[in-house]
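K.L.:
output the structure for:
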Amino acid sequence: LLPTHYFHVVFTIDHLFNSLARVNQKQIYNLLFASAAQTLKAFGQQYLGGEIGFTAILHTWGQTLTEHIHLHCLVPGGALSNNGKQWRATSPDFLFPITELSAQFRNAFCGGMKKLFNKGQFTFVGQCKHLSDSATFQQLLAQAQAKKWQVYAKAPFSDAAQTLDYLGRYVNRIAISNGRILGIEGGYVRFSYRDYKADGQRKEMQLPAIEFIRRFLQHILPKRFVRVRHYGLLAPRYRKDKLARCRALLGAYQETTTTAATTDEVLAEL
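P.N.:
Numbers count the residues shown, from 1 in each chain. Okay, here's the model as predicted:
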């Protein structure tokens, strides 16, 4: 972890793509990672003149187990200049212009969807079968492009460890914990959830067991899919050298025989 402030940024794809994502998980989830990474890296160059780093964690569910496909990103507040001689910090309460960031992410994702379609990378069955028609698919993309997507940059936590603690609660969890299941009776499952449209009020929902199982199963990821990924300064191949350089520029680097804990190691212990 770097001795600087951090931001918690959330990238969410439009629900128009949910039916397609059900049968094309790997393609769409990978595109979500790629689009968010492309956008953050581009803004790092544009606004900070350097390379940023970030960790992204995939979530696919909402509180009621419906599809809510999004990435949680932990982003240090600064970049390593392209010549490697400066740490260019953001202000503690502002990362990038959120409206521009949202629009560029939307454009990157929709552009990626078009390329995947043209390459024949999608499967069309069930509720998304009609999207196999080129004109219908283009109409879907036009609808998505016409909307204002909202990337959410949360107010930074007091330090990176606190942010990791928040994100770490979700790294190894499944869509619903046993503690939220209140009862199973008469072919129904009753569970609690937070309604964030009502200031996070705790509420209860009851679903037929078959529907509950259907919702739960749609959040099982493809085999060997990697849902926690690191980019830029935190990319595994160059992380050791680049983070050492950043620490030196931040005035916190000390040569030691003890290896600092990586983000992966910290998350795994939470």
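K.L.:
okay, CA-based contacts and neighbour counts for the rest of this
P.N.:
Will do.
K.L.:
list the contacts of the nearest residue to L250 once chain neighbours are set aside.
P.N.:
In space, L250 comes closest to W87 once its chain neighbours are excluded; the distance is 6.9 Å by C-alpha to C-alpha, 6 or more residues apart in numbering. Neighbouring residues of W87 by C-alpha atoms under 8 Å, 6 or more residues apart in numbering: 78-81, 246, 249-250.
K.L.:
repeat that for 10 Å
P.N.:
Contacts for W87 (C-alpha atoms under 10 Å, 6 or more residues apart in numbering) come out as 48-52, 77-81, 245-250.
K.L.:
give me the buried entries from those residues.
P.N.:
By neighbour count, with 16 or more other C-alpha atoms under 10 Å, the contacts of W87 hold 48-52, 77-81, 245-250 as buried.
K.L.:
next step: those restricted to helices.
P.N.:
48, 245-249 (DSSP state H).
K.L.:
circling back to that earlier point, quickly name whichever of the buried ones among the contacts of W87 is closest to I13.
P.N.:
For these, the residue nearest I13 by C-alpha to C-alpha is I52; the value is 22.5 Å.
K.L.:
contacts only, for the closest one.
P.N.:
With contact taken as C-alpha under 10 Å, 6+ apart, I52 is in contact with 40-45, 75-81, 87-88, 231-234.
K.L.:
go again with 8 Å.
P.N.:
40-41, 44, 75-76, 78-80, 232-233.
K.L.:
mind listing the residues bridging to the residue nearest to L250?
P.N.:
L80 (DSSP bridges).
K.L.:
which residue sits closest to A89, ignoring its sequence neighbours?
P.N.:
Using C-alpha to C-alpha, 6+ apart, the nearest residue to A89 is G78, at 3.9 Å.
K.L.:
so the one you found touches L48, yeah?
P.N.:
Yes. Proximity of G78 to L48 meets the contact threshold set by C-alpha atoms under 8 Å, at 7.3 Å.
K.L.:
what do those two both touch?
P.N.:
88-90.
K.L.:
secondary structure class for the residue nearest in space to the middle of the chain?
P.N.:
Centroid-nearest residue in the chain: L71, 1.0 Å away (criterion: C-alpha atoms, centre = their mean). Of the three states, L71 takes strand under DSSP: H, G, I helix; E, B strand; the rest coil.
K.L.:
can you report how many residues neighbour the nearest residue to it once chain neighbours are set aside?
P.N.:
Distance criterion C-alpha to C-alpha, 6+ apart; nearest residue to L71, sequence neighbours excluded, is L58 at 4.7 Å. Per other C-alpha atoms under 10 Å, the neighbour tally for L58 reads 23.
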